[in-house]
Each structure stands twice: as C-alpha cells, then as structure tokens.
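[1] coordinates only, sequence not included:
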C-alpha cells in the first residue's frame with residue numbers, strides 16, 4: 001500500500017500547471033480549449049438556483065429577457081477586452097501577477113480572501129449536486145430559509161460529492177477542460193428538454209401560448225412573500241456582475257493565460273448564452289411547474305426524472321471543478337513549497353465544509369454579488385498596471401522593481417474602494433447588485449492617483465533609476 005501512495009504522489013507531482021511561471025508557448029490552447037470549458041462551467045448547478053430565485057424575486061418576463069441579453073453581452077465584453085488581454089500579455093496567474101504589483105504581504109492577504117471566496121462559491125456548487133445525489137436515499141433537502149446542515153445524511157452526501165470534484169481539480173487544467181467539453185452538450189439538452197417538457201403543465205400547448213403564460217404564471221412581476229422586487233436593472237447588473245470576480249476581477253487570468261490570443265475571451269459567450277440565458281430561463285420554468293420548490297435536485301427530478309437529477313450532479317461538478325482549481329492556485333501562491341495536489345486537496349476539504357451550510361445556496365444571489373465586489377478593486381489595479389501604465393510612462397510591477405513587501409497604492413485602492421462601496425450601500429441605499437460599476441471607476445481613479453504620487457516619491461531610489 002505504501003508503494004501505491006508513493007507512486008501516486010510521484011504521478012501527481014508530474015502534473016505541471018505553471019503556478020509560478022508564465023505558460024510556455026507549446027502549452028497554449030486554441031478555441032477548443034475554452035469554448036467547452038466556459039460552456040460547462042456556466043451551464044451549471046447554480047443555474048438551478050439562480051433561475052428559481054429570479055422567479056421568487058418577482059422579475060417580470062420582459063425585464064428578464066432584455067436584462068439577460070444586455071447583461072450577458074456586457075459580461076462577454078468584459079472577458080474579451082479586460083481580462084483576456086492581460087492574461088495573454090502576462091501568461092501568469094492572477095496570484096503571481098499580484099506579487100509583482102502588490103508585494104508578497106499584500107498579495108498574500110488578497111490571496112487568502114480570494115481563495116476563501118472561491119471555496120464558498122464552489123461549496124454552493126457541491127451543495128447543489130448533493131440535492132440530487134441525496135434523492136434516492138430520502139435525505140431531507142434544505143428549504144429556502146435553512147442556514148445550518150439539515151441532517152447527518154446531508155453532510156455525508158456533501159463530502160462524497162466534494163471528494164469527486166476535488167479529484168478532478170487535482171488532475172489539472174487539461175482534465176478540467178476535457179470534463180467540461182464532454183459534459184456540456186448533454187447538460188444543455190437536458191435543461192432545454194426539461195423546460196419544454198413541463199410547459200404543457202403550465203398551459204403552453206403552442207408557441208403562441210408561451211408569452212401569455214410566461215407573464216401570468218412564471219415571471220409574473222410579483223415577488224414571493226418576504227422577497228424583494230427585482231427589475232430589469234437587477235437582472236442586467238446581476239447577469240453582468242455574476243462573474244465579476246472572474247472577468248473584471250481578473251481571476252480568469254488563471255484560465256486565459258493558456259490562450260493563444262486575447263480573442264479567446266469571446267469564448268465566454270458560450271457560457272453566458274447557453275448557461276446564463278437559456279439555463280436560467282429553463283430553471284425558472286421548472287420552478288413554476290414545481291409549485292415553488294427550490295431544491296435543484298427536486299426541481300430537476302420532477303421535470304426530467306433520473307436524467308434531470310444526474311444533470312444537476314454533473315452541472316455542479318463542471319462549475320465546482322474550475323472554481324476549486326482557481327482556489328487551489330490561490331492557496332498555492334501562499335504556500336509555494338507545498339505540492340499543488342496537496343494544496344488542492346486541502347482546498348477541497350475547506351470547500352466541502354462550507355457546502356454543508358445550505359445558506360450558501362439559498363443566498364446565492366447576494367453572495368455572488370458580494371464576492372465579485374470584494375475582489376473587483378484588484379482587477380482594476382491589475383488592468384491599469386499591465387495595460388495602461390507602460391503606455392503613459394509609469395512603472396508596472398512596482399513592488400518587484402522596488403523590492404516592496406506592501407504596495408500601499410494598491411492596498412489603499414482595495415480598502416478605500418470597499419469602504420466607499422459600503423458607504424454607498426448603507427447611506428445612499430444603492431443595492432449590492434449595482435455597486436460593481438461605480439466601484440470599478442473609484443478603484444481606477446484611486447490607483448492612478450495613488451500610484452502617481454507613490455511612484456514620484458520612490459522614483460529617486462537607486463533601484464528604479466537603473467531599471
């Protein structure tokens with residue numbers, strides 16, 4: 001047995017993900033390496049949660065459709081014009097790039113926050129899959145108001161699902177992408193088929209019946225008791241900022257660093273329009289047909305039987321896999337002497353513990369908005385530093401050049417932006433869904449101004465004179 005583990009350890013050590021160096025040219029990937037991965041990641045278990053939550057928040061049908069079109073287009077443009085150019089230019093993970101800009105102390109603080117946020121997000125995916133895995137065993141499913149684990153069976157199911165997902169993430173980016181490419185075509189067909197299958201239950205017997213039923217029985221514009229009212233603006237900004245941490249926040253540098261050119265950022269469109277458009281609408285239809293049931297496994301099983309339940313399981317996996325992969329890279333940057341597979345295994349453990357708490361799923365809309373907002377300012381910092389500063393005569397990677405442990409211009413940008421967003425939220429009444437846009441411009445202005453001042457102060461040092 002000891003020989004088996006030694007061989008396994010040696011095999012896992014051969015998986016090189018270039019955590020601390022640029023991806024070499026021979027490892028760069030074309031469209032195929034990204035289209036399926038984005039489609040698989042964003043046609044996911046959470047779609048069985050977000051679609052129903054839009055119904056619960058009383059989105060009107062017309063607001064949903066136009067809001068999703070506008071928001072998803074903006075999200076794709078954010079990937080293509082903000083994140084992808086930076087990733088292709090540096091070929092580094094977000095975490096390694098931040099070390100160059102922010103210094104080891106600030107980047108370590110950020111990476112801890114980043115990794116924990118991704119653990120919580122992946123935890124919600126694991127919980128979604130667990131709602132389907134637990135069905136055959138009669139395990140009680142969490143309800144909308146549940147915060148704590150509902151049973152021992154629920155906890156066991158969560159950990160079993162988490163183990164499978166962690167193993168896939170340990171095997172590296174190639175395996176994660178391959179898994180998504182295989183799973184996506186079947187998953188989107190199940191979403192569509194399940195939505196079409198239940199339409200007759202709602203009174204849709206012809207194409208002309210759909211729009212009246214959509215307005216009167218699905219997206220009625222009337223929120224469920226105790227839920228706030230969502231409008232077109234809520235839908236648009238949520239669709240745009242649901243993945244703010246990935247595109248504007250630059251976390252997908254870890255994925256797009258493998259791209260041959262920046263245009264691969266447009267491959268995110270497969271995820272946005274198959275997942276965040278078709279799947280959100282389909283799951284909303286399933287919710288209406290299930291008389292308001294909220295547990296994804298129950299919703300899918302009631303509409304598509306065993307295929308629906310399996311779809312929930314696989315959909316949770318295809319999103320949790322790359323999310324744990326990202327979180328593992330963040331932890332790896334903090335503990336570079338640890339083997340990557342051991343770091344990812346630890347990440348999976350943290351994620352599985354988080355997944356035991358159903359509140360991660362039931363409050364998913366708010367959590368997704370919050371984690372994107374927390375990580376967004378550093379995305380603005382990276383974009384300015386990599387893409388703008390060299391063009392206007394300012395220094396990039398100032399922490400590396402000046403041997404700084406803590407770049408105060410970046411640190412203050414992060415902290416002050418979040419404080420100002422908190423002020424706007426609490427004292428001006430602006431909901432969290434809308435804070436990402438003003439927050440990004442605040443971060444851009446702060447980092448530019450602070451860096452100008454900071455670089456002028458240290459530009460006389462011998463280190464920068466010789467660079």
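    Yep, that arrived. If you're wondering where the values come from, they're calculated on a predicted model, not measured in any experiment.
[2] how about the closest residue to residue 218 other than its chain neighbours, phi and psi?
    Once its chain neighbours are removed from consideration, residue 218 has its nearest residue in residue 288; the separation is 4.3 Å (C-beta to C-beta, 6 or more residues apart in numbering). Using the backbone N, CA and C atoms, a C-beta is placed for each residue, glycine as well. Phi and psi for residue 288, reported as degrees, to the nearest 10, are phi -60, psi -40.
[3] and stretch 322-342, average pLDDT?
    Averaging the model's pLDDT scores along stretch 322-342 yields 71.
[4] quick one, what contacts residue 372?
    241, 242, 243, 244, 245, 248, 249, 436 (C-beta atoms under 8 Å, 6 or more residues apart in numbering).
[5] wait, the second one sits on residue 75?
    Yes. Distance between residue 242 and residue 75: 7.4 Å, which falls inside the contact criterion (C-beta atoms under 8 Å).
[6] overlap of the contact sets of the two?
    Common contacts of residue 242 and residue 75 (C-beta under 8 Å, 6+ apart): residue 276.
[7] ok, residue 131 - how many residues close by?
    Close neighbours of residue 131, defined as other C-beta atoms under 10 Å, add up to 32.
[8] isn't it right next to residue 298, touching?
    Yes. Residue 131 lies in contact with residue 298 (C-beta under 8 Å); the separation is 6.9 Å.
[9] surely residue 454 meets residue 409?
    Yes. With contact defined as C-beta under 8 Å, residue 454 reaches residue 409; the gap is 4.3 Å.
[10] so what's in contact with the two at the same time?
    When C-beta under 8 Å, 6+ apart defines a contact, the residues bordering residue 454 and residue 409 alike are residue 398.
[11] more neighbours: these two, which one.
    Neighbour totals were compared for residue 454 and residue 409, and residue 409 leads with 23 against 20 (other C-beta under 10 Å).
[12] helices of the stretch 101-250 of the chain, start to end?
    If DSSP state H, counting those that start in this stretch is used as the criterion, the helices of the stretch 101-250 of the chain fall at 104-133, 152-170, 173-198, 207-213, 232-241.
[13] what pLDDT, on average, does the first one get?
    Taken as a whole, helix 104-133 carries a mean pLDDT of 81.
[14] in the stretch 351-467 of the chain, which spans are strands?
    With strands called from DSSP state E, counting those that start in this stretch, the stretch 351-467 of the chain shows none.
[15] so where is it shaky, pLDDT-wise?
    Across the stretch 351-467 of the chain, the ranges flagged by pLDDT under 70 are 359-365, 459-467.
[16] which residues of it fall in helices?
    Secondary structure of the stretch 351-467 of the chain (DSSP H, counting those that start in this stretch): helices located at 359-362, 364-383, 398-402, 408-427, 436-458, 462-465.
[17] so residue 434 makes contact with residue 230?
    No. Counting by C-beta under 8 Å, residue 434 does not reach residue 230; the two are 11.9 Å apart.
[18] more neighbours, those two?
    Between residue 434 and residue 230, counting by other C-beta under 10 Å, residue 230 is the more crowded of the two (26 against 18).
[19] which residues does the more buried one contact?
    The contact partners of residue 230, taken as C-beta under 8 Å, 6+ apart, are 54, 57, 58, 59, 63, 223.
[20] pLDDT score assigned to it?
    pLDDT, residue 230: 93.
[21] could you pull up phi and psi at it?
    Taking degrees, to the nearest 10, you get phi -100, psi 140 for the backbone angles of residue 230.
[22] how close does it sit to residue 212?
    Relative to residue 212, residue 230 is positioned 21 Å away (C-beta to C-beta, to the nearest Å).
[23] which residue comes closest to residue 268 once chain neighbours are left out?
    residue 79 (4.1 Å).
[24] make sure residue 89 is actually in contact with residue 386.
    Yes. With contact defined as C-beta under 8 Å, residue 89 reaches residue 386; the gap is 6.1 Å.
[25] higher neighbour count, the two?
    With other C-beta under 10 Å as the criterion, residue 89 and residue 386 differ in neighbour count, and residue 386 comes out ahead with 22 against 15.
[26] from residue 298, how far off is that one?
    Between residue 386 and residue 298 the distance, using C-beta to C-beta, works out to 46 Å.
[27] thinking again about what came up before, tell me the most buried of the helices of the stretch 101-250 of the chain?
    Mean neighbour count, computed with mean count of other C-beta atoms under 10 Å, is highest for helix 104-133 among the helices of the stretch 101-250 of the chain, reaching a mean of 25.
[28] now do the SS call for the residue nearest to residue 39 when sequence neighbours are not counted.
    Closest residue in space to residue 39, ignoring its immediate chain neighbours: residue 270 at 3.9 Å, by C-beta to C-beta, 6+ apart. In three-state terms, and counting by DSSP: H, G, I helix; E, B strand; the rest coil, residue 270 is helix.
[29] got the contact list for residue 270?
    With contacts defined as C-beta under 8 Å, 6+ apart, the neighbours of residue 270 are 35, 36, 38, 39, 42, 184.
[30] give me the number of residues near the first one?
    The local packing count at residue 35 equals 21, with neighbours defined by other C-beta under 10 Å.
[31] with the third one instead?
    Taking other C-beta under 10 Å as the criterion, the count of residues near residue 38 is 30.
[32] what's the closest non-adjacent residue to it?
    The shortest distance from residue 38 to any residue that is not its chain neighbour, by C-beta to C-beta, 6+ apart, is 3.9 Å, and that residue is residue 271.
[33] over to the fifth one?
    Take residue 42 and drop its neighbours on the chain: the residue closest to it by C-beta to C-beta, 6+ apart is residue 271, 2.9 Å away.
[34] list the contacts for that neighbour?
    Going by C-beta under 8 Å, 6+ apart, residue 271 touches 38, 39, 40, 41, 42, 43.
[35] isn't the last one right up against residue 275?
    Spelled out, it's residue 43. Yes. Because the distance of 3.8 Å satisfies C-beta under 8 Å, residue 43 is recorded as touching residue 275.
[36] just give me how far stretch 96-104 sits from the chain centre.
    Average the C-alpha atoms of stretch 96-104, do the same for its chain, and the two points are 22 Å apart (C-alpha atoms, centre = their mean, to the nearest Å).
[37] let me fix that, I meant to ask about stretch 67-76.
    Distance of stretch 67-76 from its chain centroid, counting by C-alpha atoms, centre = their mean, is 16 Å.
[38] quick one: mean pLDDT over it.
    96.
[39] how many neighbours does the residue lying closest to residue 111 once chain neighbours are set aside have?
    In space, residue 111 comes closest to residue 330 once its chain neighbours are excluded; the distance is 4.6 Å by C-beta to C-beta, 6+ apart. Residue 330 is flanked by 27 other residues according to other C-beta under 10 Å.
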